[in-house]
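> quick one, fold the following:
(chains A and B)
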Amino acid sequence: MKVTELIYLTGYQLKEKLLSRGLTAQEVVEGLFAHLDEVEPIVRAYLLLDREGAMRKAREMDARLKKGEGLGLLGGIPIAVKDNMCTSGLKTTCASRILENFIPPYDAHVVERLKEADAIIIGKTNLDEFAMGSSTENSAFKLTRNPWDPKRIPGGSSGGSAAAVSAGTALMALGSDTGGSVRQPAALCGVTGLKPTYGRVSRYGLVAFGSSLDQIGPITRDVRDAALLLQVIAGRDLKDSTSSDIPVPDYLKEIEKPVKGLRLGLPREYFMEGLNEEVRRAVEEAVKVYKKLGMAIHEISLPHTPYAVAVYYIIATAEASSNLARYDGVRYGYRAANTQNIIEMYSRSRVEGFGREVKRRIMLGTYALSSGYYEAYYLKASKVRNLIGQDFSSAFESVDFILCPTSPTPAFKLGERLANPLEMYLSDVYTIPANLAGIPAISIPCGFTRENLPIGLQLMARPFEEAGLLQVARAYERETEWHLRRPEL
Amino acid sequence: MAILDKKTIEHVALLARLELSEEEKELFASQLGNILNYIEKLKELDTSRVEPMAYATATKNVFREDTPGPSLKLEEALKNAPDKLQDFFKVLKVIE
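Reported below is the predicted structural model:
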């Protein structure tokens, strides 16, 4: 099998080839790194590569296959991990100077699960510093480029993970999603990205940003792989008390069910001003596919949608300002040199260690929580958050799933939105509400612009309805071929 | 219209333990002002009868048995320390 074919298999297909002994895990890893050496200088998705660890795991897989032993659910599949999830013995930087040399002494729960499932971890991917951003340009270390057009951003903050899956330098990846950071880069890079229900996946070992919003999710080549990866990472973990003990269904079995008769809602607030025309057309075409599959289409209203971005930038920054207080130069991370007293040591370590967007958000969050402003900002935002949540619960009384665009525009050019933070924040207008409401949402490829840039379709569901969400996404994927297109690198 | 003056920026920076440069103070004063103006739109909504929502799930306090389990070894916990002395993290004098 040629390298070019191998690297664009889905994880699911690759595992079958390994089990039928058509391929060895070592061939896979060698082939993948050969391809990576060619395209990574252009795409720049990784902050760290673990070639040795990957080869070691591949040899172990091959030895087990030779003995006729089985493999775990992700047996032999090369996977990339966003660099805000702790990997024991491997640097975890959050793309921040403040954690530039941090080597975690433990694995995040999801990383532990990947290892138990026999995944081959290839490396750690680039992100906006502490996952704060929508373009991966806020990384302190490098710019990642969109594999479909290297002059454009890959989206963010899980830009490295999405770019790697799109460019064939990982078959699957993990991202984290606080306001769209899995779905938006997946949409902009032409791959699949799932944000599970808040509490479906343990956040233990995920470096905290907005603790009431953060969720880890799969970034994959297709819906079947997203189901496979979710199967491995979902479930209760005693180390994260917000992780749910609701049973995890057999996703791979559920997703092939027909969708006929299910009700699909189109929220009119998601199709108004600011939506790119090509994106609108692609999403409307997708609706026709669902109509053909026998789904009932209803127009619905989520009236508080216009307030979601404002709510988010209060709540997420407030939580971030509190979470990031731990970076004080005492126990780990960067410490400024030659300071005179402890307060100066904290303040200079932080100002020298954090990048500009992180400082901006800490300032905003601190302001929103400070005495005299708490009620006007944080409390107000928490109340409007409730209204946004109620919008969804009433909508889900009359429809089963909600369909809309993932991002109002395709990938924008590098540097285009850096000067105006507010404009960058508005890139997440369609993805933020799902985080505020805690519901699951997925982005799948649904077309390309005239400039050959991928377009993403977003589906949302009731809490803990990932099986149905994946089922509806899979139904579209079976009818279309957008997910099979590959960038020319 | 929300405007952040230099004094407010300096107060917030102190609370956040960020020793901002003069340039950053000016930049943030105008950028945060813009963002806060955008956020003003929340005031359009009457929320007097709405409960605040802190978490999206219905989960209440979760308790478990208080049983001892393995924890980090001392040397592992100290491995990433910027400075240490014997079994401690070393910092500048805290008490006068």
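
> for chain B, what spans make up the helices?
B:6-15, B:22-39, B:74-78 (DSSP state H).

> before we move on, what about the stretch 251-400 of chain A?
For the stretch 251-400 of chain A, the helices defined by DSSP state H, counting those that start in this stretch occupy A:251-254, A:277-292, A:308-323, A:342-353, A:356-369, A:380-398.

> reformat those as a markdown table; add distance to residue A:260.
For every residue, glycine as well, the C-beta is placed using N, CA and C. Output for these, formatted as a markdown table (distance: least, C-beta to C-beta, whole Å):
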| stretch | distance to residue A:260 |
| --- | --- |
| helix A:251-254 | 15 |
| helix A:277-292 | 10 |
| helix A:308-323 | 32 |
| helix A:342-353 | 55 |
| helix A:356-369 | 45 |
| helix A:380-398 | 18 |
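
> closest one to residue A:472 among the ones you listed?
helix A:277-292 (7.8 Å; C-beta to C-beta).

> which residues sit against that closest one?
For helix A:277-292, the external contacting residues (C-beta atoms under 8 Å, 6 or more residues apart in numbering or on different chains) are A:259, A:264, A:266, A:271, A:297, A:403-405, A:407-410, A:446-450, A:455, A:457, A:472, A:475-476, A:479-480.

> one more time with 6 Å
The contact list for helix A:277-292 (C-beta atoms under 6 Å, 6 or more residues apart in numbering or on different chains) reads A:264, A:297, A:405, A:446, A:447, A:449, A:455, A:457, A:476, A:479.

> per-residue confidence at residue B:2?
At residue B:2, the model reports a pLDDT of 57.

> just want the most central residue of the chain.
All of this refers to chain A. Per C-alpha atoms, centre = their mean, the C-alpha nearest to the average position across chain A is that of residue A:182, at 2.0 Å.

> oops, chain B please
With distances taken as C-alpha atoms, centre = their mean, residue B:16 lies nearest the centre of chain B, 6.8 Å away.

> for that one, what are its contacts?
So residue B:16 contacts A:362, A:366 (C-beta under 6 Å, 6+ apart).

> quickly note the distance from the residue nearest to residue A:148 when sequence neighbours are not counted to residue A:137.
Nearest residue to residue A:148 in three dimensions, chain neighbours excluded: residue A:487, at 4.6 Å (C-beta to C-beta, 6 or more residues apart in numbering or on different chains). According to C-beta to C-beta, to the nearest Å, residue A:487 and residue A:137 sit 20 Å apart.

> if you count surrounding residues, which of these two has more?
The neighbour comparison of residue A:487 against residue A:137 (other C-beta atoms under 10 Å in any protein chain shown) goes to residue A:137, with 22 against 19.

> dihedrals phi and psi, the more buried one?
The phi/psi pair for residue A:137 (degrees, to the nearest 10) reads phi -80, psi -10.

> and the residue of chain A nearest chain B?
residue A:438 (2.4 Å; C-beta to the nearest C-beta).

> now do residue A:294 against residue A:262, distance only.
Per C-beta to C-beta, residue A:294 is found 8 Å from residue A:262.

> tell me which of those two has more neighbours.
A count of neighbours by other C-beta under 10 Å puts residue A:262 above the other of residue A:294 and residue A:262, at 19 against 12.
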